[in-house]
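J.: Let me see the structure of the following:
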Amino acid sequence: MNTANKHYKFINSKTGYVIFYHSLSASLSADEVKAELEKIRAKVAIQNGIYHETVYWEEIKDDE
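T.: Modelled structure (predicted):
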């Protein structure tokens, strides 16, 4: 994986399935990362027709 980016997976908590992957620049501040992830979370929930609170994200570590 490119270490200049942080990689995230978005998961449906009802099924446990990963429904979306996304990468963000590692140069973003913590607040910018959180804001961007929240926007993507809402988009993913809408696209999959599921409740917003059902989707959560996890950072993918290099050892996964």
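
J.: Not counting the helix or strand that residue 58 is a member of itself, show me its contacts.
T.: Using DSSP states H and E, residue 58 sits in strand 55-60. For strand 55-60, the external contacting residues (Cβ atoms under 8 Å, 6 or more residues apart in numbering) are 1, 6-13, 19, 21, 37, 40-41, 44-45, 48. Yep, even glycine has a C-beta here, placed from its N, CA and C like the rest.

J.: now stretch 35-43
T.: For stretch 35-43, the surrounding residues in contact (Cβ under 8 Å, 6+ apart) are 8, 10, 20, 22, 24, 28, 52, 55, 56, 57.

J.: ditto for stretch 46-54
T.: Taking Cβ under 8 Å, 6+ apart as the rule, stretch 46-54 contacts 12, 13, 14, 19, 41, 42, 45, 55.

J.: Residue 33: which of these is nearest?
T.: Of all the contacts of stretch 46-54, residue 33 sits closest to residue 41, with 12.2 Å by Cβ to Cβ.

J.: Quick check, pLDDT for that closest one.
T.: Looking at residue 41, its pLDDT is 97.

J.: and it, how far is that from residue 55?
T.: Computed with Cβ to Cβ, to the nearest Å, the distance linking residue 41 and residue 55 is 5 Å.

J.: quick one, helices of this protein?
T.: Using DSSP state H, the helices of the chain run over 30-48.

J.: Low-confidence ranges, it, go.
T.: 1-3, 63-64 (pLDDT under 70).

J.: Next, the angle from the strand holding residue 58 to helix 30-48.
T.: Interaxial angle, strand 55-60 versus helix 30-48 (axes from the mean of the first three to the mean of the last three Cα atoms, to 10 degrees): 130 degrees.

J.: Run me through the strand neighbours of strand 55-60, direction for each.
T.: strand 5-12 (antiparallel) (DSSP bridges).

J.: ok, and what's touching the strand it pairs with?
T.: In contact with strand 5-12 (Cβ under 8 Å, 6+ apart) are residues 1, 17-26, 33, 37, 40-41, 44, 48, 50, 54-60.

J.: In that strand, which of the residues would be classed as buried?
T.: Buried residues in strand 5-12, counted by 16 or more other Cβ atoms under 10 Å: 6, 7, 8, 10, 11, 12.
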